[in-house]
Each structure stands twice: as structure tokens, then as C-alpha cells.
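[1] A structural model of the following input is requested.
(one chain, ligands or ions: 1)
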Amino acid sequence: MNNVRHEEAKLSAAHLQKAFSHAIPETAVILGSGLGDFTKIVKVLESISYGDIPHFPQSSVAGHKGKLTIAEVADGKNVLIMEGRFHYYEGYTPQEVTFPIAVFKELGIKQLIVSNAAGGCNPSFTAGDIMIIDDHINLTGNHPLIGKNDDACGPRFLDQTAPYSPRLIALAESLATESGVAPKKGTYVKMTGPTYETRAEIKMVQSYGADSVGMSTVYEVIMANYFGMEVLGISCITNMATGLAKTHHNHAAVVDVANSVSEKFSKWVKNIVVAL
Ligand SMILES: O=P(O)(O)O[C@@H]1C[C@H](O)[C@@H](CO)O1
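    Down below sits the predicted model:
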């Protein structure tokens with residue numbers, strides 16, 4: 001089996017190009033759990049439900065709306081927004097999780113801003129912090145590029161020296177203060193979920209250098225790297241990770257904290273998109 005569902009991605013992209021009345025922007029944003037309020041500070045132009053896009057998977061997680069939206073961030077500057085993503089723990093294969101990225105490639109997306117809700121593993125963090133992802137660890141035991149490689153799509157052996165664009169990180173940092181954020185920077189570890197981690201697992205990932213831990217993002221970033229997109233990754237630290245937190249975890253609390261930082265996160269991301 002091919003690692004990229006190229007023909008299906010082409011069909012989805014062709015459908016979207018016809019269905020959207022606006023031109024497809026060059027920048028896309030994936031909104032993590034509870035970060036959907038980004039659409040409230042931009043001018044939404046039009047949306048298409050995932051269910052109406054051929055071959056697209058469906059979102060099943062609270063805090064993930066399940067539509068693809070074109071919005072205006074400034075005069076003449078639009079962005080494509082994925083309101084909800086797909087997770088490995090939902091039963092999707094890594095190829096299904098990253099299918100939207102293959103569609104983005106067909107749509108001509110050049111920059112991808114990917115966000116998530118995550119647990120903080122770095123003891124200097126607190127819930128409500130925002131972290132620029134500057135590296136990641138894939139601890140899932142699976143990988144979206146496994147399968148027969150089509151060299152026309154991307155290389156068989158993909159370099160991962162800088163999965164997150166130094167240019168976009170510098171841009172995000174330069175716009176932080178005026179956007180009202182003081183971002184941390186660090187390494188995001190992707191576990192499969194759907195359980196939150198045990199105390200021992202968090203000790204293990206801390207020893208690996210993890211600053212945040214979550215259940216998404218990395219497959220999407222690998223696929224975007226494969227297609228040569230520039231990637232910016234942002235974790236919203238919704239809770240301190242297991243063993244560092246004073247309370248037990250639950251998804252409603254994760255979404256609540258993400259909602260509470262959503263305003264400054266959104267302002268920052270909007271400023272970044274405008275500056276691109
Ligand atoms: O989609 P993201 O990574 O933002 O969502 C996180 C990980 C799980 O889906 C969920 C756990 O609360 O939030």
C-alpha cells in the first residue's frame with residue numbers, strides 16, 4: 001500500500017476547489033482541542049463540513065467541530081482553518097489522520113500552523129502557558145510514511161533535522177509580546193492516547209527531554225514536512241502532566257483551559273498569519 005492516498009487526496013482537493021467560492025489560501029491552521037475560538041476573531045467567509053468532503057474522515061472528539069473554513073485575517077489575506085482534527089486513538093490509521101495534509105498539498109498550502117492541547121512535562125511550566133514546539137518525539141510505535149513511497153510526493157528517507165521552521169519560529173517569537181503572549185519553547189512528545197499518561201510514563205518522557213505531551217500533531221507535521229510545507233507548532237499547556245499535576249485529568253477540564261487561553265492564542269496566530 002502507498003504511504004500517501006494521492007488519488008483520493010486529488011479528488012477531495014478538486015471537490016473543495018469547486019465547492020469553495022473563494023480562492024484557497026496558502027496558509028492553513030489546524031485548531032487543537034478547545035482552540036476553536038480562533039474563528040471568532042477572524043471574518044469567516046465560508047465553511048464546508050468534513051462530511052461533505054469526499055474521502056475525508058470525521059471528527060469524533062469534543063472540542064473539534066469538523067469543518068474546513070476559509071476566513072479573512074486582514075484585507076486581502078485569507079487562511080484555511082481545520083476546525084477539528086483526527087487522532088490515531090479514534091481508530092484512524094496514521095495515513096487517515098494525515099489525509100487532510102495530503103489534501104492541503106494538492107490545494108497548494110505552503111505554510112501549516114498546527115496547534116494542540118497538551119500536558120506540561122517541564123516543571124517550570126504552568127497550566128495556561130503556551131509553548132512553541134521546536135522539536136518532537138514520536139512515541140506511538142507507528143508512522144504516517146510507512147508504505148510504498150511515491151518519489152513524486154516526497155523522499156523515502158525524510159530528513160527531520162528541523163521539522164518546525166526556524167523562520168516561522170522566529171516570526172512567532174517576534175510577534176509574541178505585542179500579541180500578549182510569553183511563549184515557552186520545547187519538545188512535544190506524541191503518545192497514542194486515549195489514556196492520559198501514568199506517572200511513570202511522564203518520568204520516562206521527561207528523561208527523554210519532553211516539555212509537553214499529547215496525542216496529536218506529530219503525524220501531521222511529518223506529513224507536512226514530507227510535502228515540503230513550512231510548519232509552526234504550538235502547544236497550549238492545558239494541565240501539568242501526570243505526577244506534576246495536583247488533580248486528575250479529564251477532557252472537559254482540558255477544553256476549559258484551552259478555551260480560557262484561546263483569546264490570546266488566537267490573536268497571536270492571527271498576527272502571525274497576517275505577517276506571513
Ligand atoms: O487534538 P489535541 O491534541 O489538541 O487534543 C488533546 C489530545 C486529546 O485529543 C485530548 C485529551 O484531552 O486533547
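[2] tell me the centre residue of the protein?
    V114 (2.9 Å; Cα atoms, centre = their mean).
[3] So that one belongs to a strand, correct?
    Yes. Assessed with DSSP: H, G, I helix; E, B strand; the rest coil, V114 lies in a strand.
[4] Check what pLDDT M131 gets.
    Here the pLDDT value assigned to M131 is 98.
[5] on that earlier part again, nearest residue to the residue nearest to the centre of the chain other than its sequence neighbours?
    Distances taken as Cβ to Cβ, 6 or more residues apart in numbering put I30 closest to V114, at 4.6 Å, once the chain neighbours are dropped. Just so you know, the C-beta spots here come from the backbone N, C-alpha and C atoms, and that holds for glycine as well.
[6] The one you found against I109, yeah?
    No. In this structure I30 lies outside contact range of I109 using Cβ atoms under 8 Å: 10.8 Å.
[7] which one of those two has more residues nearby?
    With other Cβ atoms under 10 Å as the criterion, I30 and I109 differ in neighbour count, and I30 comes out ahead with 26 against 21.
[8] Provide the secondary structure category for the more buried one.
    The assignment at I30 comes out as strand when based on three-state DSSP.
[9] for G243, what are its contacts?
    R199, I202, K203 (Cβ atoms under 8 Å, 6 or more residues apart in numbering).
[10] for stretch 43-55, how far is the first residue from the last?
    Start to finish, the residues bounding stretch 43-55 are 28 Å apart (Cα to Cα, to the nearest Å).
[11] Name the residues of that stretch that are buried.
    S47, I48, Y50, I53, H55 (16 or more other Cβ atoms under 10 Å).
[12] I figured the third one hits L68, correct?
    Yes. In this structure Y50 lies within contact range of L68 using Cβ under 8 Å: 6.9 Å.
[13] residues shared between the contacts of the two?
    Common neighbours of Y50 and L68, using Cβ under 8 Å, 6+ apart, do not exist here.
[14] ok now the host helix or strand of V73, how far from the chain's centre?
    Using DSSP states H and E, V73 falls within strand 67-74. Here strand 67-74 is found 16 Å from its chain centre; the criterion is Cα atoms, centre = their mean, to the nearest Å.
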